[in-house]
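Chemist: Any chance you could fold what I've pasted below:
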Amino acid sequence: MPSQKILEKKKDKVQVLSEKFKKAKMIVLTEYRGISVEDDTKLRATIRNNGDEYSVVKNSIIAHAAKEAGIEGLDNLEGPTAVVIGYEDYVTPAKAVNDYAKDNEFYTIKAGVMDGKMIEVSEVKKLANLPSKDTLYAMLASALLGNIRNFAVVIDQLRQKQEENA
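Modeler: Model prediction:
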């Protein structure tokens, strides 16, 4: 039987992870079996550079933390599990994991959680294929500028027509 000290450490881990789950917009659970330390380090760096978080967590801790955070469906995980948590964006955690999984056959997506609700692996992959938030902002700005330019041209043409008629 585990000592009281060990139980307290596990409870603390559950509490900390539960709070992270509650704050997260996107959570992606992966199986990392068979990847090298060098590749794992690169993946962690990519995820951190996006402002997201990556950690390896025991399945029992994940299950208890999910339950405490009100997330259902994470109580039957098997095998080694890494947790990627995105606090600001839905796309970047999914994209980082999905891109990595494409190049590494052993690295697989187990599950996803979006705004506290379980989503299918296929949904995680769909999110991964969306443009990033910055790209979407750039597309929106470009579209708005195009519309403003078109509006200015129409106004100028109307002005010219009125001058000709006057």
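
Chemist: Okay, strands next: where are they in this protein?
Modeler: Using DSSP state E, the strands found in the chain span residues 26-31, 53-56, 82-86, 108-114, 117-119.

Chemist: Figure out which of these is closest to residue 13.
Modeler: Residue 13 sits nearest to strand 53-56 of all the strands of the chain, at 10.2 Å, using CB to CB. Quick note: C-beta positions are derived from backbone N, CA and C, even for glycine.

Chemist: packing partners for the closest one?
Modeler: If you count contacts as 3 or more CB pairs under 8 Å, 6 or more residues apart in numbering; DSSP states H and E, strand 53-56 packs onto helix 37-49, strand 82-86.

Chemist: List the buried residues in that strand.
Modeler: For strand 53-56, the neighbour count (16 or more other CB atoms under 10 Å) marks 53, 54 as buried.

Chemist: And for it, what's in contact with it?
Modeler: Under the criterion CB atoms under 8 Å, 6 or more residues apart in numbering, residues 20, 32, 43-44, 47-48, 80-87 lie in contact with strand 53-56.

Chemist: Stretch 82-90 now?
Modeler: With CB under 8 Å, 6+ apart as the test, stretch 82-90 has contacts from 17, 20-21, 23-32, 47, 50-57, 62, 92-94, 96-97, 114, 127, 132-133.

Chemist: Can you point out the buried residues in it?
Modeler: 82, 83, 84, 85, 86, 89, 90.

Chemist: how many other residues sit next to residue 81?
Modeler: Counted with other CB atoms under 10 Å, residues neighbouring residue 81 total 21.

Chemist: Distance of it relative to residue 162?
Modeler: 69 Å (CB to CB, to the nearest Å).

Chemist: wait, which of the strands of the chain is closest to residue 12?
Modeler: Per CB to CB, nearest to residue 12 of the strands of the chain: strand 53-56, 14.4 Å.
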